[in-house]
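Student: Provide a 3D model corresponding to the input given below.
(one chain, ligands or ions: 3)
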Amino acid sequence: MIRNEVTKKLHLSTWPYDDATVSISGNKIGAPKKQKSSSTVNVYAKGSSNISISVSNDDMLMFLSIEDDENQNEQSRGSLEYDFYRDSCPQGEKIIRDTVRQLYKTGPELAPALLRLVFHDCFIEGCDGSVLLDPAEGVDAEKESPPNETLKGFDIIDLIKSEVEEVCPGVVSCSDVLVLAAREAVILAGGPFYPLYTGRRDSNTSYRDIATYELPSPHADLSETLASFASRGFNERETVTLLGAHSVGVVHCQFFENRLYNFGGTNEPDPSLNPKLLDEMRSRCKRSHTPTSSAPLCCFDGSPSSSALAPTFDGSPSPTSSATKAVLPTFEDSSSSLSEVPGMDMAYEGPGSDFGTPYYHSLLQGKGILFADQQLTAGEETGIWVRAYASDTLLFRRDFALAMMKLSNLQVLTAPMGQVRRSCSKVA
Ligand code: HEM
Ligand SMILES: [Ca+2]
Ligand SMILES: [Ca+2]
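Tutor: Ligands and ions are numbered 1, 2, ... in the order given. Here you go, the predicted model:
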């Protein structure tokens, strides 16, 4: 028999379940104690050909198998470290976790907001907090890019960051706060836990134009979506996985209105849209009347100067950005006013269902809300993964955890590059 040597690292400081226990070969070794300055516990099981590690919780098992996949982690994490702040701010990760959990109690919509926010940050020049910056001298803020106009959660990040600043001023980067807060949001939304490395630093600027051109469009067909994710190193399977994030949150009418009434100039709805869902969506999103009054609610193509150049968030005549702003309130204005803008609940099939699986189920029924969502069923390989995730929750949770780790490690800045901002919306 081949002798196996197995080393398992359990990352306890970020492990959300206090009651996890670990067994090796059937012998319970209990929940390893947290060490004082280190939260990594190595579980050694040497020289046995019969090692099995079981834990009291499915996600923990999945997490152990992720740890087996060292190559993937090694490649993408660059010079990030596990528990980077263990000496400089040992309470940091816990403060972030507790604050997100606290805020979630009164505002559960923060979970989808943070998940989308981390995607929009990491996709544009990496996970560097560039999306968080306000416009200023020399800063063309991504916030002002049309695809980011309905982005929410900036105030949540500010709140979390100020809690962290109270204890460890100037230590924990905004980009780390964002990935850690989003990880917590995924768990709260019913998604899987995934381990994260830290030590990201914040950008010195923001990339409005890049965001305008490079954030994927809700109107994109499959090949465009795949190309966009491939340019960030995601294969077809991972792209299908990440879109599973669309099982939570809301989509405003402007992003799918073209599918309901006049798809591609045909004056007919999108034929790939399930007729029942079409009725439902039409009842929530009335047809826009005149281009002038409807334009601000219609499409993402907000900036007048960019419309000719930006094929991404296309659709209809571009409104002026000031008009757009007047109609689409930002999160800061008031979350309640944003929720009054009509739209569809991503989880329209009913709350309380699993994270992920119902999304793929609905795609199989032609019930994707965005054209880009529904397109996942149009490809041979993507279709395979849609069907796989629709029926296999555990497979999805594992893949989603891995894909979120990869997303969270995109193109990170580490010392001596970048900076640690004290206020996430301002360059230090
Ligand atoms: C082809 C790729 C994608 C496109 C075209 C896209 C587009 C959109 C659009 C148009 C919305 C609605 C925004 C609104 O109405 O305010 C939305 C919401 C959302 N997106 Fe995506 N998205 C994509 C991929 C992703 C990925 C990879 C993630 C995360 C991993 C993500 C997470 C979310 C979440 C959580 C929401 C709900 C936000 C909320 O309710 O606050 N999206 N997306
Ligand atoms: Ca960024
Ligand atoms: Ca970068």
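Student: Ligand 1 contacts on the stretch 251-400 of the chain?
Tutor: Within the stretch 251-400 of the chain, the positions adjacent to ligand 1 are 251-252, 255, 343, 370, 372 by Cβ under 6 Å from any ligand atom. The way it works is simple: take the backbone N, C-alpha and C, and place the C-beta from them, glycine included.
Student: who wins for neighbours among those residues?
Tutor: Phe255 (24 neighbours; other Cβ atoms under 10 Å).
Student: now that residue, nearest residue through space, not along the chain?
Tutor: Pro218 (4.4 Å; Cβ to Cβ, 6 or more residues apart in numbering).
Student: Unless I misread the structure, that neighbour falls within a strand.
Tutor: No - counting by DSSP: H, G, I helix; E, B strand; the rest coil, one finds Pro218 to be coil, located in no strand.
Student: how far away is it from Thr205?
Tutor: 27 Å (Cβ to Cβ, to the nearest Å).
Student: Between these two, point out the one with more neighbours.
Tutor: Neighbours per residue (other Cβ under 10 Å) separate Pro218 from Thr205, with Pro218 holding more: 24 against 16.
Student: right, is stretch 105-112 up against ligand 1?
Tutor: Yes - contact between stretch 105-112 and ligand 1, assessed by Cβ under 6 Å from any ligand atom, occurs at Pro112.
Student: Gly343 against Glu280, yeah?
Tutor: No - Gly343 lies out of contact with Glu280 (Cβ atoms under 8 Å); the separation is 12.0 Å.
Student: which ones are touching the residue in the stretch 101-250 of the chain positioned nearest to ligand 1?
Tutor: Nearest residue of the stretch 101-250 of the chain to ligand 1 (Cβ to the nearest ligand atom) works out as Gly249 at 2.4 Å. Going by Cβ atoms under 8 Å, 6 or more residues apart in numbering, Gly249 touches 109, 111-113, 115-116, 345-346.
Student: And those residues, which of them are buried?
Tutor: 109, 111-113, 115-116, 346 (16 or more other Cβ atoms under 10 Å).
Student: May I see the buried residues of stretch 358-377?
Tutor: Buried, per 16+ other Cβ under 10 Å, within stretch 358-377: 358-363, 366-377.
Student: nope, stretch 224-244 is what I was after
Tutor: 224-226, 228-229, 232, 234, 236-244.
Student: so which strand or helix has Lys161?
Tutor: Assigned by DSSP states H and E, Lys161 belongs to helix 154-167.
Student: Ala388 too?
Tutor: Short version, using DSSP H and E: Ala388 is in helix 380-391.
Student: can you list contacts of that helix?
Tutor: Outside helix 380-391, the residues touching it (Cβ under 8 Å, 6+ apart) are 222, 226, 236-237, 239-241, 244, 356-357, 360-361, 363-364, 376-377, 395-396, 399.
Student: Now that helix: average pLDDT?
Tutor: On average, the pLDDT along helix 380-391 is 97.
Student: Let me know the next secondary structure element after it.
Tutor: Defined by DSSP H and E, the subsequent element after helix 380-391 is helix 393-408.
Student: Any regions of this structure where pLDDT drops low?
Tutor: The model of the chain has pLDDT under 70 over residues 1-77, 289-341, 348-353.
Student: and the helix holding Lys161 with ligand 1, contact?
Tutor: No - on the criterion Cβ under 6 Å from any ligand atom, helix 154-167 is out of touch with ligand 1, staying 10.9 Å away.
Student: Flag every buried residue along that helix.
Tutor: Buried residues in helix 154-167 (16+ other Cβ under 10 Å): 154-161, 163-165.
Student: so who does the residue nearest to Val179 when sequence neighbours are not counted touch?
Tutor: Leaving out its chain neighbours, the residue that sits closest to Val179 by Cβ to Cβ, 6+ apart is Ser408, at 4.4 Å. For Ser408, the contacting residues are 118, 122, 127, 179, 182-183, 196, by Cβ under 8 Å, 6+ apart.
Student: Kind regards, and thank you for your time.
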